[in-house]
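Novice: what would the 3D arrangement of this be:
(7 chains)
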Amino acid sequence: MKLEPLADRVVLKQLVAEETTKSGIVLPGQSKEKPQQAEVVAVGPGGVVDGKEVTMNVSVGDKVIYSKYAGTEVELDDEEYIIVKQNDILAVIR
Amino acid sequence: MKLEPLADRVVLKQLVAEETTKSGIVLPGQSKEKPQQAEVVAVGPGGVVDGKEVTMNVSVGDKVIYSKYAGTEVELDDEEYIIVKQNDILAVIR
Amino acid sequence: MKLEPLADRVVLKQLVAEETTKSGIVLPGQSKEKPQQAEVVAVGPGGVVDGKEVTMNVSVGDKVIYSKYAGTEVELDDEEYIIVKQNDILAVIR
Amino acid sequence: MKLEPLADRVVLKQLVAEETTKSGIVLPGQSKEKPQQAEVVAVGPGGVVDGKEVTMNVSVGDKVIYSKYAGTEVELDDEEYIIVKQNDILAVIR
Amino acid sequence: MKLEPLADRVVLKQLVAEETTKSGIVLPGQSKEKPQQAEVVAVGPGGVVDGKEVTMNVSVGDKVIYSKYAGTEVELDDEEYIIVKQNDILAVIR
Amino acid sequence: MKLEPLADRVVLKQLVAEETTKSGIVLPGQSKEKPQQAEVVAVGPGGVVDGKEVTMNVSVGDKVIYSKYAGTEVELDDEEYIIVKQNDILAVIR
Amino acid sequence: MKLEPLADRVVLKQLVAEETTKSGIVLPGQSKEKPQQAEVVAVGPGGVVDGKEVTMNVSVGDKVIYSKYAGTEVELDDEEYIIVKQNDILAVIR
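Specialist: Residues are numbered from 1 along each chain as shown, chains lettered A, B, ... in the order given. Just a heads-up that it's a prediction; the model follows:
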């Protein structure tokens, strides 16, 4: 089974925070809107969303920082995913 | 009797969550806005909705993950349905 | 006397819920925004409403499911009516 | 002295509810947003209001049902008036 | 010194309510958003305000009913003024 | 060091209220949204801001009445400044 | 590793406030929405964001005053960054 996001939505798989690694990303957990590191698993087609043309700028495999605020957690085949709108993705990590 | 949704609305029939199946979708119930799995029963015509052109991208029979937040429950002929706007459907499960 | 709704408004006459009928629609009363079954009594002309072109898609005599949230109850000639915007009508029952 | 409403505003004179008349309109007073019966006393010119073209569809003398929620009460020459936006008028009574 | 309002703003000078005059305007003080009678002292140039074209329809010397809700009180040369947006002016009194 | 405001922002330097001067401006301090007198120190370039074309209508040296509600205080080289959007400037004092 | 901001986002590195320097910027900490001094580390591509064309006007290396209100803190390779929308940058310091 596979999740095909609609419109400007993106399916993310949260990466385990490597808190002990010096060069890893450590995300502070005290803020209400928690930013998080994740890998892009599926990307919606974009197009006209809520009357506005949206171009998708992330690709499957990208590691991203996203704002968890508007995301929705889903569990499929014992794997947990997060579905966000592309606008909730803040940056790509290269 | 049959429900014909208006505008960008979609009629869904909630699928029974197979919580014991390993490969099934298990949805966490602790979040306020509960995502849910459902099957599309009827699809509105789309068109200009609230001044914006909406194209319908789901079809009858699609299994979808939707956000229950804005949905409305209706009971017709002893069957329960949920009417949502297409924008409340997050992803299709293939 | 007759109610002529303005703009995108629709005058509804609530149908008595046939709770005992097996094939009838029974609407749950526990949710805050109560969906309801009603018959369309009068339909506004549509046109440009709040800067957006609205086409009226319901007709007098249609049985509809509406969201009571934004409706206004009016009593005329000992009959009770509900005036809603077409956007508050979720589906037509055929 | 005369009130000339600006933009899409309409000056109304509330009609005394004829509660004892069988064929009169009786408005329930229990809802927070009280619908009310009134006569149109003056009509603004319409035109571009808040960036949107508004055409005035009510005329002086019309009996209307309005939503009191956004109206403003004014007293001029010992007469009480209500100034509403046309959008707060729900229906005309013929 | 003189106040030159920007954009769609209007400088008003509140008129003293003549509560004892039979034909005067008496404004009820019990509502939260108090309508008030004032004279127009200065009118902004209008033009594109917040992306929308605004034409100024009031003139210096007009007596107006305004909604005090969004106004700002200013004191200049021992005179008190109120600066409102034209949209907060409900009607002109002729 | 110099502050160059972006977009439709304006840098203001608050003027000391001359409360004892008869012809000076005295601003009431009891309202939550305090209007204030200030001098324009720097003006942003305007242009397309939040999708809307903004023309800057104030100049360096103008004395203005502004609404403090959305402003941000900044201290640079021991001088205090306030950065506001032009839309928060209500009037120019000539 | 490098952060590539999406759309109209900008990656900032907060500058240590030189509170003892006479000519340094000292930012008051008592307001809820804290303005802050930072250096631009990375700039998103701009383009159509939320249906509106956004041109990026800041460059890597610019020292800026930003409003912390909507920003998101991220830690990468033991460095802390703040990701803001360009609209949250109030001014550039030259």
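Novice: how much space between the closest residue to A:K52 other than its chain neighbours and A:D8?
Specialist: Closest residue in space to A:K52, ignoring its immediate chain neighbours: G:G51 at 3.1 Å, by CB to CB, 6 or more residues apart in numbering or on different chains. Glycine gets a C-beta too; all of them are placed from N, C-alpha and C. As for G:G51, its distance to A:D8 is 11 Å (criterion: CB to CB, to the nearest Å).
Novice: ok, A:R94 next?
Specialist: Relative to A:D8, and taking CB to CB, A:R94 is found at 22 Å.
Novice: who's more crowded, the two?
Specialist: A direct count of neighbours by other CB atoms under 10 Å in any protein chain shown for A:R94 and A:D8 places A:D8 higher, at 22 against 9.
Novice: report pLDDT for the more buried one.
Specialist: For A:D8, the model assigns a pLDDT of 97.
Novice: got the contact list for the lengthiest strand in chain A?
Specialist: Taking DSSP state E as the criterion, chain A has its longest strand at strand A:35-43. Among residues not part of strand A:35-43, those counted as contacts by CB atoms under 8 Å, 6 or more residues apart in numbering or on different chains are A:2-5, A:10-15, A:17, A:25, A:27, A:56, A:58-68, A:81-82, A:86, A:90, A:93, B:91, G:72-74, G:83.
Novice: list the residues that contact the residue nearest to A:K52.
Specialist: Contacts of G:G51 (CB under 8 Å, 6+ apart): A:G51, A:K52, A:E53, F:G51.
Novice: just give me the neighbour total for A:L76.
Specialist: Residues near A:L76, counting by other CB under 10 Å: 20.
Novice: that one against A:L3, yeah?
Specialist: Yes. Under the criterion of CB atoms under 8 Å, A:L76 makes contact with A:L3 at 6.1 Å.
Novice: common neighbours of those two, please.
Specialist: Joint contacts of A:L76 and A:L3 (CB under 8 Å, 6+ apart) are B:I93.
Novice: among the contacts of G:G51, which lie within strands?
Specialist: Checked against DSSP E, those include these in strands: A:K52, A:E53.
Novice: between the contacts of G:G51, which sits nearest G:G47?
Specialist: Distance to G:G47, by CB to CB, is smallest for A:E53 among these, at 10.7 Å.
Novice: quick one, what contacts the closest one?
Specialist: Taking CB under 8 Å, 6+ apart, one finds A:G47, G:V48, G:G51 in contact with A:E53.
Novice: let's have these in JSON lines, adding pLDDT and distance to G:A38.
Specialist: Converted to JSON lines, the contacts of A:E53 look like this (pLDDT from 0 to 100; distance: CB to CB, whole Å):
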{"residue": "A:G47", "pLDDT": "94", "distance to G:A38": "36"}
{"residue": "G:V48", "pLDDT": "94", "distance to G:A38": "26"}
{"residue": "G:G51", "pLDDT": "92", "distance to G:A38": "28"}
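Novice: now for A:V16, how many residues are close by?
Specialist: 7.
Novice: which helix or strand contains it?
Specialist: Counting by DSSP states H and E, no helix or strand carries A:V16.
Novice: next, count neighbours for A:E80.
Specialist: Neighbours of A:E80 using other CB under 10 Å come to 13.
Novice: how far away is the nearest residue to it once chain neighbours are set aside from chain E?
Specialist: Nearest non-adjacent residue to A:E80, counting by CB to CB, 6+ apart: A:E73, 6.3 Å away. Using CB to the nearest CB, to the nearest Å, we find A:E73 at a distance of 38 Å from chain E.
Novice: let me know the helix or strand that A:E73 is in.
Specialist: strand A:72-76.
Novice: and the helix or strand following that strand, average pLDDT?
Specialist: Sequence order places strand A:79-85 as the next helix or strand after strand A:72-76, per DSSP H and E. For strand A:79-85, mean pLDDT is 94.
Novice: for strand A:79-85, name the packing helices and strands.
Specialist: Helices and strands touching strand A:79-85, by 3 or more CB pairs under 8 Å, 6 or more residues apart in numbering or on different chains; DSSP states H and E, are strand A:3-5, strand A:9-14, strand A:63-67, strand A:72-76.
Novice: could you rerun that using 6 Å?
Specialist: strand A:9-14, strand A:72-76 (3 or more CB pairs under 6 Å, 6 or more residues apart in numbering or on different chains; DSSP states H and E).
Novice: contacting residues around the first one?
Specialist: This points to strand A:9-14. A:3, A:5, A:38-44, A:81-86, B:90 (CB atoms under 6 Å, 6 or more residues apart in numbering or on different chains).
Novice: please redo it, this time with the cut-off set to 7 Å
Specialist: Contact with strand A:9-14 is made by A:3, A:5, A:36, A:38-44, A:58, A:66, A:81-86, A:89, B:90-91, as judged by CB atoms under 7 Å, 6 or more residues apart in numbering or on different chains.
Novice: isn't A:I83 right next to A:V74, touching?
Specialist: Yes. The pair A:I83 and A:V74 passes the contact test of CB atoms under 7 Å, sitting 6.1 Å apart.
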